[in-house]
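S.K.: Got a sequence here, can you build the structure:
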Amino acid sequence: MILRQGQCWKVYFYDNGLRNALINSFNPLSLRADTGVLWENFMVSERFKYLKTHDVWCNRFFWRTTAQQEIDYIEDAEGKLCGYEFKWNSVVKKSFPKTFLNAYPGSNAAFITPESFFEFLGVPAV
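M.R.: Predicted coordinates:
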């Protein structure tokens with residue numbers, strides 16, 4: 001899966017195991033420096049699967065400024081933007097770039113963490 005914004009691209013794998021095989025990294029999460037990247041990839045790939053199986057159509061992209069402010073994943077459905085930031089560590093300080101919120105008033109913004117991903121993937125919370 002590829003998301004594009006201008007000349008920037010993000011590549012996601014439907015299976016994190018393939019990603020791990022390509023970079024030859026199979027260490028436990030506690031020993032990895034790319035845990036946040038794995039979490040983002042997992043959430044985006046599972047969200048793509050959810051949208052496909054539920055026949056939900058939307059434009060999907062990410063957002064990044066020249067100052068390197070970024071939103072990991074954005075869905076545009078019927079002119080309504082929903083921006084998502086994926087954070088493996090729930091206690092890290094979270095804030096959305098004001099540049100994004102000011103440029104797109106009325107858009108939704110959410111942080112997706114291991115404690116809050118159920119609704120994002122359409123899974124009933126346990």
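S.K.: Burial check on residue 36, number of neighbours?
M.R.: Residue 36: 15 surrounding residues under other CB atoms under 10 Å. No exception for glycine: its C-beta is placed from N, CA and C like everyone else's.
S.K.: my guess is residue 17 is in a helix, correct?
M.R.: Yes: per DSSP: H, G, I helix; E, B strand; the rest coil, residue 17 lies within a helix segment.
S.K.: Quick check: it vs residue 56, distance?
M.R.: Noted for residue 17: a distance of 26 Å to residue 56, by CB to CB, to the nearest Å.
S.K.: With residue 10 instead?
M.R.: 20 Å.
S.K.: how many other residues sit next to the residue nearest to residue 41 when sequence neighbours are not counted?
M.R.: For residue 41, ignoring the flanking residues on the chain, the nearest one in space by CB to CB, 6 or more residues apart in numbering is residue 12 at 5.2 Å. Burial of residue 12 is recorded as 18 neighbouring residues (other CB under 10 Å).
S.K.: go on, residue 19?
M.R.: Residue 19 has 19 nearby residues by other CB under 10 Å.
S.K.: do the same with the one 5 residues further on
M.R.: Summarising burial for residue 24: neighbours were counted as other CB under 10 Å, giving 6.
S.K.: now swap in residue 105 and tell me
M.R.: 7.
S.K.: What of the one 10 residues further on?
M.R.: Counted with other CB under 10 Å, the burial measure for residue 115 works out to 8 neighbours.
S.K.: What score does the residue nearest to residue 41 have for pLDDT?
M.R.: For residue 12, the pLDDT comes out at 86.
S.K.: No further questions, thank you.
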